[in-house]
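Participant: Give me coordinates for this.
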Amino acid sequence: MEQTNTKTAAPQMTLREQLPIWIVVGVALFINFLAYGLHILPDVVASIARWVGLAGLAYLSYRRGSITTWILFALILGAEVGHTFPGGADWYNVLSKVFIKLIKTVVAPLLFGTLLVGIAGHSDMKAVGRMGIKALVYFEIVTTIALVIGLAAINFTKAGVGLPQMPTTETLPEVRKPMTGPEIVLHTFPENIIKSVSEGEILQIVVFCLLFAFAMTLVSPERRRPFLTFAESLSEIMFKFTNIIMHFAPFGVGGAIAYTVAKLGLGVFANLGMLLLTLYGALIVFILGVLLPIALIFRIPLRRFLKYASEPVTIAFATTSSEAALPKALENMEKMGVSRRVVSFVLPTGLSFNLDGSTLYLSLAAIFVAQAANIQMSTGAQITMLLTLMLTTKGIAGVSRASLVILTGTAASFGLPDWPIAAILGIDALMDMGRTATNTLGNCLATVIVGQWEGETNFTDPEESGDKGLEG
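Facilitator: Predicted coordinates for the structure are as follows:
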């Protein structure tokens, strides 16, 4: 019934019917410009106009009837609620935390089921090894380009030059030495799978599942089939479980944005606005200058890709959690036409090795710290820092406040002060949105690329064939 409702509801909202709503939204924006830009209207008029515009967007979301539309509406509503009622910040955060906790309960069983079905169901471990090598080569090339773009962007804008040493009450994460090569390898393998699941160590879970799937291929088909049937049932149930949780996504997303706006306000942009613009500009350059050409080279159907990637990317942006977006990304990339074997391997692995947005941010932020401290770093020193980050960024998955931990450790290794990092904390939540969304977008694209590379994609079936459960 839900699917039928979606297919009949969406076409009813024609462009002509939407036009009055967009006019109302446009008028609301213009009134706010008159109030805050030209100061010729009172704030109360601007506030009323915003809520009228939000009512129009709510009606539009209702008529379109998709979860994605509701999530986008929740982003805007959350920003307004956080701005107008900042006193409720703690309650807004509850909505966000509940959603993320529910999502995290899905990740381990979903990975277990999908990886076992995708790998043990085919019994071709050579193909898995070949796919793994291709994925890692792609990850290394793309993340290295991201590091270079971040380095170039901050050297171009010099956002840290002249930054005053601002007082801050923010607490920096504990400085720790960057993980060495041997430590990264050791961190990859689980010592206790229950511990790995409880601590959210995605890569360790993937390694365990790969070894378990390989062991399954070594037993007779008669012995393997019952457990494979169980894994198939588990993965299907967890996808349905994900669908149930995703109906709470607009509340979680809205709560996350409301909490961020309520806590930060607008004054934080006074001294750090250029850094924020530099980061988002660099991320846009990376997406349009790197990811888009790669998609075109591999003949990825862009409209179809954006349709299925938009929802997990939106979730990642609002919650600043790649893990929160993972279940929906797994489901949507399979709906798009990538085989389950590729999806279940590449997406989780990318959470450790293909953090495009985070690696770009780290190279940019490290040089920002040097600029703010008025420390001139030679080209050779910057290249050395880049090479260091190429290694350390591969070990940040599963670490709380991972990017800040790595940034603090890198700054300490190069003799840089930590007060600029404390200043960055003021807008870290806003920067985290952009870099996490880019991480998720990059991983979704990597999954499709590896699928194309392996010849395990099918984009010819009707797009609506997999659209069940959430629409309507």
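Participant: Okay, buried residues for stretch 33-51 please.
Facilitator: Ala35, Leu41, Ala46, Ser47, Ala49, Arg50 (16 or more other CB atoms under 10 Å). To be clear about C-beta, it is placed using only N, CA and C from the backbone, and glycine gets the same treatment.
Participant: Looking at those residues, point me to the pair that's furthest apart.
Facilitator: Leu41 and Arg50 (12.3 Å; CB to CB).
Participant: any idea of the mean pLDDT for whatever helix or strand Thr436 lives in?
Facilitator: Secondary structure from DSSP states H and E places Thr436 in helix 428-454. Mean per-residue pLDDT for helix 428-454: 90.
Participant: Counting neighbours, what do you get for Leu291?
Facilitator: Close neighbours of Leu291, defined as other CB atoms under 10 Å, add up to 22.
Participant: Quick check: phi and psi on it?
Facilitator: phi -70, psi -40 (degrees, to the nearest 10).
Participant: From Tyr280, how far off is it?
Facilitator: 15 Å (CB to CB, to the nearest Å).
Participant: Which helix in the chain has the most residues?
Facilitator: helix 125-157 (DSSP state H).
Participant: Confirm for me that Val313 is in contact with Gly442.
Facilitator: No. Val313 is beyond contact range of Gly442, at 9.9 Å (criterion: CB atoms under 8 Å).
Participant: Between those two, which is the more surrounded one?
Facilitator: Gly442 (28 against 22).
Participant: shouldn't the more buried one be in contact with Gly357?
Facilitator: Yes. Between Gly442 and Gly357 there is a contact under CB under 8 Å: 7.1 Å.
Participant: Could you name every residue contacting both of the two?
Facilitator: Any residue near both Gly442 and Gly357 by CB atoms under 8 Å, 6 or more residues apart in numbering counts here, and not one turns up.
Participant: Looking at the buried residues of stretch 33-51, which is nearest Leu136?
Facilitator: Arg50 (47.5 Å).
Participant: how far away is the closest one from Ile205?
Facilitator: Distance from Arg50 to Ile205, by CB to CB: 44 Å.
Participant: which helices and strands sit right next to whatever helix or strand Ile103 lives in?
Facilitator: According to DSSP H and E, Ile103 maps onto helix 89-115. Here helix 89-115 touches helix 67-84, helix 202-217, helix 221-246, helix 249-264, helix 302-319, helix 322-336, helix 340-353, going by 3 or more CB pairs under 8 Å, 6 or more residues apart in numbering; DSSP states H and E.
Participant: name the helices or strands packed onto the helix or strand that contains Leu389?
Facilitator: If you go by DSSP H and E, Leu389 is part of helix 379-392. Here helix 379-392 touches helix 125-157, helix 356-372, helix 402-413, going by 3+ CB pairs under 8 Å, 6+ apart.
Participant: Thanks a lot, see you next time.
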